[in-house]
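1. Take a look and give me a structure for this.
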Amino acid sequence: MDGTVGLSLDGDAPSDIDFVLAAYREDGRWQVEPLPPQVAAELASLVATLRQRPGDGGALGLVSVDDDFFVVVRVRGDDLRLLLSDVTAATDWPLARSVLDRLGLPLPQGEEEEQVQPAGDLGIFADLGLDAMAMAALCDDLDCYPDETLAAVASRLGFGAEYERALDASAS
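-> Residues are numbered from 1 along each chain as shown. Here you go, the predicted model:
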């Protein structure tokens, strides 16, 4: 992985962002919509965009970067919860680094740079039926690409079909 190609000084280049989706419940039904890749170039802009969604219980942001890692953001009022699928991504990618900064975690160093592990709130979806252990198991499956893991999350949370439609829309 060479995350330096196509990076700006402020964040990840939109060309490095595979997709950004917002998911929220409105009138009891899941809504999933693609967002422009540049929204995820910086964590602050992603959070601000998600706060604008009308969801009854807040909004989820699902971001896949360079088929390498994903970030999940959950906003509910003033509450912000974050999950980074691979802490080692923070050594190369500004979005991942900003998640670690927001979590108050240091960059991995030495042997830690080789240890793929999630950082943040593994219980981010516990109230929606996906507990921390199940989320950890999804993150630990190194054979899955970020879009596959996020598809599994979406399916378990009850918006798998909407996720697939939004992903198709973001690719066109």
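2. what's the residue closest to the geometric middle of this protein?
-> residue 71 (2.2 Å; Cα atoms, centre = their mean).
3. Burial check on residue 133, number of neighbours?
-> By the measure other Cβ atoms under 10 Å, the count of residues near residue 133 is 11. No exception for glycine: its C-beta is placed from N, CA and C like everyone else's.
4. Give me the distance between it and residue 20.
-> To residue 20, residue 133 is 27 Å away according to Cβ to Cβ, to the nearest Å.
5. Can you list the residue ranges for helices in this protein?
-> Using DSSP state H, the helices of the chain run over residues 43-51, 94-103, 132-140, 146-157, 160-171.
6. I'd like to know which of these is closest to residue 119.
-> The closest of the helices of the chain to residue 119 is helix 94-103. By Cβ to Cβ, the value is 6.2 Å.
7. Give me the helices and strands touching the closest one, please.
-> Counting contacts by 3 or more Cβ pairs under 8 Å, 6 or more residues apart in numbering; DSSP states H and E, helix 94-103 packs against helix 43-51, strand 59-65, strand 69-76, strand 79-84, strand 119-120.
8. that older thread, just to check, the residue nearest to the centre of the chain is in contact with residue 81?
-> No - counting by Cβ atoms under 8 Å, residue 81 is not a contact partner of residue 71; they are 11.4 Å apart.
9. if we can go back for a sec, of all the helices of the chain, which lies closest to residue 32?
-> Taking Cβ to Cβ, helix 160-171 is the member of those nearest to residue 32, at 4.0 Å.
10. Contacts made by the closest one with the rest, please.
-> The contact list for helix 160-171 (Cβ atoms under 8 Å, 6 or more residues apart in numbering) reads 19-21, 23, 30-34, 62, 147, 150-151, 154-155.
11. cool, and stretch 95-102?
-> With contact meaning Cβ under 8 Å, 6+ apart, stretch 95-102 is reached by 11-12, 40-44, 63, 65, 69, 71, 80, 82, 84, 86-87, 89-91, 106-107, 119-120.
12. Just the buried ones out of the residues you listed, please.
-> In the contacts of stretch 95-102, burial by neighbour count holds for 11-12, 40-43, 63, 65, 69, 71, 80, 82, 84, 86-87, 89-91, 119-120, counting by 16 or more other Cβ atoms under 10 Å.
13. Most distant residue from the centre of this protein?
-> Farthest out in the chain is residue 110, which, by Cα atoms, centre = their mean, sits 25.4 Å from the centre.
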